[in-house]
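S.K.: What would the 3D arrangement of this be:
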Amino acid sequence: MQFDVYINPNKKSRDAYPYIIDIQNSLISDIITRIVIPLGKLSDFRNESMTKLTPTIEYENDQFVLLTPQIASIPSSLLKNPIGSVDTLRDEIIAAIDFAITGI
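M.R.: Numbers count the residues shown, from 1 in each chain. Have a look, this model is predicted:
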């Protein structure tokens, strides 16, 4: 579901990007991929200075950066068991995506 959080299924990149957020609207379910944005550990991405594009997100009592420029699609089959949700941060996530597209 939209804004569900998953453990990054890619073991090679999981250290840098421990979680991914499914941002795709649930109405778009007929395709085999989902649009996701990775979360990077704030301590690893302190140089990301565009707070509107890469807002800091608190999840599981830790600080992460929403790495909007790294938006991607992955096979939906890799997203089996969400471990949580950040739907309360919907406005911030949509604002970051909108900023990436429109610059506003």
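S.K.: Can you give me the distance of the residue located most distally from the centre of the chain to Ser76?
M.R.: What lies farthest from the middle of the chain is Asp30; by C-alpha atoms, centre = their mean that is 21.0 Å. From Asp30 across to Ser76, the span is 11 Å (C-beta to C-beta, to the nearest Å). In short, each C-beta sits where N, CA and C put it, glycine included.
S.K.: So in that sheet, which strands flank the helix or strand of the chain with the lowest mean pLDDT, and in what orientation?
M.R.: Ranking every helix and strand in the chain by mean pLDDT, DSSP states H and E puts strand 56-59 at the bottom, with a mean of 91. Applying DSSP bridges, strand 56-59 is found paired with strand 62-66 (antiparallel).
S.K.: Could you pull out the buried residues of the partner strand?
M.R.: By neighbour count on 16 or more other C-beta atoms under 10 Å, the buried set for strand 62-66 is 64-66.
S.K.: Please apply the same query to stretch 84-100.
M.R.: Neighbour counts over stretch 84-100 (16+ other C-beta under 10 Å) mark 85-86, 89, 93, 95-97, 99-100 as buried.
S.K.: Export only the CA atoms of it, formatted as CSV.
M.R.: Extracted C-alpha coordinates of stretch 84-100, given in CSV (Å, rounded to 0.1, in the frame of the first residue of the first chain):
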residue,chain,number,x,y,z
GLY,A,84,5.5,-0.2,8.9
SER,A,85,4.0,2.9,7.3
VAL,A,86,4.9,6.5,7.0
ASP,A,87,1.5,7.6,5.8
THR,A,88,1.5,10.4,8.4
LEU,A,89,4.4,11.9,6.4
ARG,A,90,2.3,11.9,3.2
ASP,A,91,2.4,15.7,2.7
GLU,A,92,6.2,15.9,3.1
ILE,A,93,6.8,13.0,0.7
ILE,A,94,4.4,14.4,-1.9
ALA,A,95,6.0,17.8,-1.5
ALA,A,96,9.5,16.3,-2.2
ILE,A,97,8.3,14.5,-5.3
ASP,A,98,6.5,17.7,-6.5
PHE,A,99,9.7,19.7,-5.9
ALA,A,100,11.7,17.2,-8.0
